[in-house]
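> Turn this into a structure:
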Amino acid sequence: MSDTGDFPTESNAPSVESVGSLASEATPTPPEATPLASGKKLPRIMAVANQKGGVGKTTTAVNLGAALADMGLRTLLIDLDPQGNASTGLGIENRGLELSMYHVLMHEESLDNVVEPTDVKGLFVAPASLDLAGAEIELVPAFSREQRLKRAIEAVIDDYDYVLIDCPPSLGLLTVNGLSAANEVLVPIQCEYYALEGLGQLLRNVDLVKRNLNPTLDLSTILCVMYDARTKLAGQVVTEVREHFGEKVLRSVIPRSVRLSEAPSFGQPITTFDSRSRGAIAYRDAAKEVHANVTP
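Now for the predicted structure:
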């Protein structure tokens, strides 16, 4: 893989009815043959990715990480998105940071020197800064540019049970670094008509990374988010996704919630901002499913 030109660009949104052909093209192995989390071992490195923006990707990374930490699992959240929303959502001010993920990728700074604790016991974050936006361009001529995050994580992986990588909503070198470093991909899917926009391209790019950079990469988990029980369409999207991706789809569904939207402005995950809310309960259930059947 010589450059980001190897990765196809986003295409038009497929309709709900086209999920079947999309799934058969992107997942030649029936999902039933690879049950969710079956035989997975700790530590697990999961890239949270979806090239479509505004689908609850960062919300999922933050709240799933907090829920895993609440289960007693040491969890590191790596913020690879230049917007830094995962960092600010956990109370880390990303302006004026002395060290950030930019320095890890561009100056080979140790992750240990970048990681910050959060108010959630057992949850740590490697914050992003605005400088990370320039890394997409600066990485182009860099040596071994696709593997930089992988090497950084390998140096600290023994300290954590889970590493969650919040990838930007694009298919550039930052996302390629995230996919190259991960063992698994978790895809949040919005329960709306355009939910599958870009999903086919994402799955094909996961396959490209698997064949060229990371043979162990597995799209293991799909989480339906922003579910509105008042609409028939939301239920149809969930049904279709489950029909074609089988046990890769978590049984837990994340509801559309005002409290989930408010929590980041207070620098807290939903599990601490409103621990009894529907969103908090749903993410705790999702975390239990993600961790289920892990081989001791």
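> Residue 128 falls within a helix, correct?
No: Residue 128 is assigned coil when assessed by DSSP: H, G, I helix; E, B strand; the rest coil, not a helix.
> Residue 202 contacts residue 55, doesn't it?
No: counting by C-beta atoms under 8 Å, residue 202 does not reach residue 55; the two are 10.9 Å apart. In short, each C-beta sits where N, CA and C put it, glycine included.
> how about the helices in the stretch 1-150 of the chain?
For the stretch 1-150 of the chain, applying DSSP state H, counting those that start in this stretch gives helices covering 19-26, 57-70, 85-88, 101-107, 132-138, 148-154.
> Show me what counts as buried in the fourth one.
Of all the residues in helix 101-107, those buried under the rule 16 or more other C-beta atoms under 10 Å are 101-106.
> In contact with the closest residue in space to residue 237 that isn't next to it in sequence, which residues are there?
Nearest residue to residue 237 in three dimensions, chain neighbours excluded: residue 191, at 4.8 Å (C-beta to C-beta, 6 or more residues apart in numbering). Applying C-beta atoms under 8 Å, 6 or more residues apart in numbering to residue 191 gives the contacts 224-228, 233-234, 237-238, 253.
> And for residue 192?
Neighbour list for residue 192: 226, 233-234, 237 [criterion: C-beta under 8 Å, 6+ apart].
> JSON lines for these, including distance to residue 83 and pLDDT?
Formatted as JSON lines, the contacts of residue 192 follow (distance: C-beta to C-beta, whole Å; pLDDT from 0 to 100):
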{"residue": "226", "distance to residue 83": "19", "pLDDT": "92"}
{"residue": "233", "distance to residue 83": "29", "pLDDT": "89"}
{"residue": "234", "distance to residue 83": "27", "pLDDT": "90"}
{"residue": "237", "distance to residue 83": "26", "pLDDT": "88"}
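> Restricted to strands, list the residues you listed.
The strands, defined by DSSP state E, take in residue 226 from the contacts of residue 192.
> Restricted to buried residues, select the contacts of residue 192 in ChimeraX.
Provided next is the ChimeraX selection string for whichever of the contacts of residue 192 are buried by 16+ other C-beta under 10 Å:
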select :226,234,237
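> Greatest separation within the contacts of residue 192: which pair is it?
Farthest apart among those by C-beta to C-beta are 226 and 233. That separation is 11.6 Å.
> and which of the contacts of residue 192 is nearest residue 244?
Residue 244 lies nearest to residue 237 out of the contacts of residue 192, by C-beta to C-beta, at 11.3 Å.
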